[in-house]
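Participant: for reference, the sequence and a predicted model appear below.
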There are 2 protein chains.
Amino acid sequence: MTPAEGQGGSRLSRRRMLGFGGASLLVGAAAGVGIERVASATDDGKQATASAIPFYGPHQAGIATPVQDRLHFAAFDVVTDDRAKLVRMLKDWTAAAAAMTAGKPVGAGAVGGPDVSPPDDTGEALGLPPSRLTLTVGFGPTLFEKDGKDRFGIKAKRPAALVDLPQFPGDRLDPNRCGGDIVVQACADDPQVAVHAIRNLARIGFGVVAVRWSQLGFGKTSSTTPDAQTPRNMFGFKDGTRNVAGTETSALDKHIWADKADGSDWMAGGTYLVARRIRMHIETWDRTSLGEQQDVIGRDKNEGAPIGQKREHDEVDLAKLKPTAHVRLAHPDSNGGVRILRRGYSFTDGSDGLGRLDAGLFFIAFQRDPRTGFIRIQNNLATDAMNEYIQHVGSGVYACPPGVREGGHWGETLFG
Amino acid sequence: MTPAEGQGGSRLSRRRMLGFGGASLLVGAAAGVGIERVASATDDGKQATASAIPFYGPHQAGIATPVQDRLHFAAFDVVTDDRAKLVRMLKDWTAAAAAMTAGKPVGAGAVGGPDVSPPDDTGEALGLPPSRLTLTVGFGPTLFEKDGKDRFGIKAKRPAALVDLPQFPGDRLDPNRCGGDIVVQACADDPQVAVHAIRNLARIGFGVVAVRWSQLGFGKTSSTTPDAQTPRNMFGFKDGTRNVAGTETSALDKHIWADKADGSDWMAGGTYLVARRIRMHIETWDRTSLGEQQDVIGRDKNEGAPIGQKREHDEVDLAKLKPTAHVRLAHPDSNGGVRILRRGYSFTDGSDGLGRLDAGLFFIAFQRDPRTGFIRIQNNLATDAMNEYIQHVGSGVYACPPGVREGGHWGETLFG
């Protein structure tokens, strides 16, 4: 193997370099290659998105970040009562998350350790670019108190805004798709990168956490870029056009980021995540007339414009919409001006055994306070005409702490 | 709305065009735009693959075609005994498949019909490029005969090669993930496009077929381009390097395409598809040493080279591999020279209720005769060291007829 071959895109393990090329390769041609993943075109010539999203900062990435193409969302149960073990794992997770979001493998990588040990990284993302991976952590109510027990000495720190969600009319929640002590939202433009990240966190957490449930999302349904066209959901419609964009700094401060003034110091710069697995009865929807579909949503199907307007981003004239139209009931003007930041994904998990696709929207919303955010809006949607075509089957609410400073770790403000 | 606006990327419905712009738009500026989906960059600037794969030809697309990024595979039961209805549906499916693979909506589109009718197309792919969508149909043994009944008068046409798969050691098949009278393999670079295609075929087939099971695949694990690097599977390894590439014309003729000489005229130019849902026990795998992992597979993890060689595509020296190594047992030289064409995808369907990821490989292989292809190889894999880490939980074998000529339809050679 010549130095030129080493430079030409082949990923070299430390072992291999030492075995075939000698130590000089480490200093010379292979600098910056080594055991790190390298951003490169994929094998069939498609230029992949090579950009990495910074992991450290005042807010966690994956919230105001422009929405990536794919999602792997995982809810974990903590299976130990040992606070020190939990904090240790959160530190290990942080180091792994910082590496993976930068396009690097966990620890010494999939091939970097001794042959007699399991690799530090599972390897299926070797050679893939960072793909704008973000990892966003949230803490569920049960982390603070479960069955009346203050498991980790943080019961007193449970934020007032981290309420248990009420039962909404029409809910048909599956306990196996609800809750979780800790959640991680992995978003990336390549699903293999998102799945790899969750898998490696689960592996690192062995003995401390276990996966309670997880959800893959294949198609983004929200845009957090204000001038972009909103992607279509499984109803074939654009929805959520009026939600907070990731670039609206003052709206983010007002509606999304928690503040010390809200009562929980450790949550300043954080936010609250509400997740809902919303099954869509798409077979029924697909047999509904175009006119009815448009009345239910309150937008025209083609352009996505509010009924009576021409363009998606035209101002909504609520009076032109049916009283039960989804857009009307969800609109800030129908909810005391409240706005949320949506980051939902379409899902299709095969079929349901009755010949119907198990498909719908995995709804994710961030807000400063769920009581005045999701809960208020969801209560207002009780008369939503869309309810005939959907069913909420999974649910969770989580406190997402602020971003991590370099040298810090997830949960530092809560446990530190 | 000016003609210039109409040309600028906005998708206009016929209704809207007539309403705002007048009929002249139909002739002038909007020619080629209209109700068709338009290949364009997505909203965040990523240049999507705009290419369409030709639907018509001597062989079905989606077999020798360079592997796309995503899969939606659906198995249908035929729920009628009416042969004419079935053939009518296959004709309707063919028209829809020809349209969707060209990036066009089904029929009059999602917004093209009258308001009082359900749209012909469900709409969620409006505005998305063709994304190299291919739709490949296959007929299962039960279409020819079920419970001793010749349901559609084609029992005598069942090919000798379309055998029922035997029970293999270690199989743990879930009947709800096996079989099916008709399958459709949808592959595309955008999952929304693949899901849209299956959903619309299911909708068109209402009353004739019902979805029996379906599977999404998020990451390709095979390359059918001979000089490409093979993508990594969920074990973090490259596998299947020696399988037939889509460009190897003589190998395709020898190993993949059925011939009249094989005994079934109607299958000439067709092939046989074997699907296996292979669950990987990745938590166990991830705790296995690197050395053991490499011994099990028979390749090094980093480069993908056969043990003892330097590069993925270097010739395998079988003597250097353990007798139980996967690569050794699956190699053509261990199986009388037989080769198959693999098109498998990684899957992750959330978690399994025991805190483990429900993940693995959805194996898809095409071959001229399953008896000398998959069945022979799978029998030889009985001593595969990999069996400790995998379990086959779903299965199916299907006859994929030859390609469709323009004006023809799926199943024409069988039912015509």
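Facilitator: Perfect, thanks for sending it. Numbers count the residues shown, from 1 in each chain, chains lettered A, B, ... in the order given.
Participant: can you pull out the strands in chain A?
Facilitator: For chain A, the strands defined by DSSP state E occupy A:70-78, A:134-139, A:182-188, A:209-217, A:219-220, A:271-280, A:341-342, A:345-351, A:357-367, A:390-400.
Participant: relative orientation of the second one and strand A:70-78 in degrees?
Facilitator: Compare the direction of strand A:134-139 with that of strand A:70-78 by axes from the mean of the first three to the mean of the last three CA atoms, to 10 degrees and you get 30 degrees.
Participant: now do strand A:134-139, average pLDDT.
Facilitator: Strand A:134-139 carries an average pLDDT of 98.
Participant: tell me the pLDDT of residue A:343.
Facilitator: Predicted confidence (pLDDT) for residue A:343: 95.
Participant: in chain A, which helix has the most residues?
Facilitator: Longest helix in chain A, counting residues (DSSP state H): helix A:83-101.
Participant: mind checking the pLDDT average for that helix?
Facilitator: On average, the pLDDT along helix A:83-101 is 98.
Participant: what's the angle from that helix to strand A:209-217?
Facilitator: Using the same axes, to 10 degrees: helix A:83-101 against strand A:209-217 is 30 degrees.
Participant: tabulate the strands of chain A (TSV), appending distance to residue B:215.
Facilitator: Bear in mind the C-beta positions are built from the backbone N, C-alpha and C, glycine included. Output for the strands of chain A, formatted as TSV (distance: least, CB to CB, whole Å):
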stretch	distance to residue B:215
strand A:70-78	17
strand A:134-139	27
strand A:182-188	21
strand A:209-217	12
strand A:219-220	17
strand A:271-280	18
strand A:341-342	28
strand A:345-351	6
strand A:357-367	12
strand A:390-400	20
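Participant: nearest to residue B:72 among these would be which one?
Facilitator: Nearest to residue B:72 among the strands of chain A is strand A:345-351 (7.2 Å), distances taken as CB to CB.
Participant: quick one, that closest one and strand B:209-217 angle?
Facilitator: 120 degrees.
Participant: quick one: strand A:345-351 to chain centroid distance?
Facilitator: The chain centroid and the centroid of strand A:345-351 are separated by 16 Å, computed with CA atoms, centre = their mean, to the nearest Å.
Participant: using CSV, write out every CA atom in it.
Facilitator: In CSV, the C-alpha atoms belonging to strand A:345-351 read as follows (Å, rounded to 0.1, in the frame of the first residue of the first chain):
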residue,chain,number,x,y,z
TYR,A,345,-41.9,13.2,10.8
SER,A,346,-44.1,10.9,8.8
PHE,A,347,-43.9,7.3,9.7
THR,A,348,-44.9,4.0,8.1
ASP,A,349,-44.3,0.9,10.3
GLY,A,350,-45.5,-1.8,7.9
SER,A,351,-49.1,-2.8,8.1
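Participant: is residue A:293 in contact with residue A:284, as I believe?
Facilitator: No - applying CB atoms under 8 Å, one finds residue A:293 not in contact with residue A:284, separated by 11.1 Å.
Participant: counting neighbours, what do you get for residue A:77?
Facilitator: Residue neighbour count, defined by other CB atoms under 10 Å in any protein chain shown, stands at 18 for residue A:77.
Participant: no wait, residue A:88
Facilitator: Neighbour count for residue A:88, taken as other CB under 10 Å: 13.
Participant: again with the one 10 residues further on
Facilitator: By other CB under 10 Å, the residues close to residue A:98 number 17.
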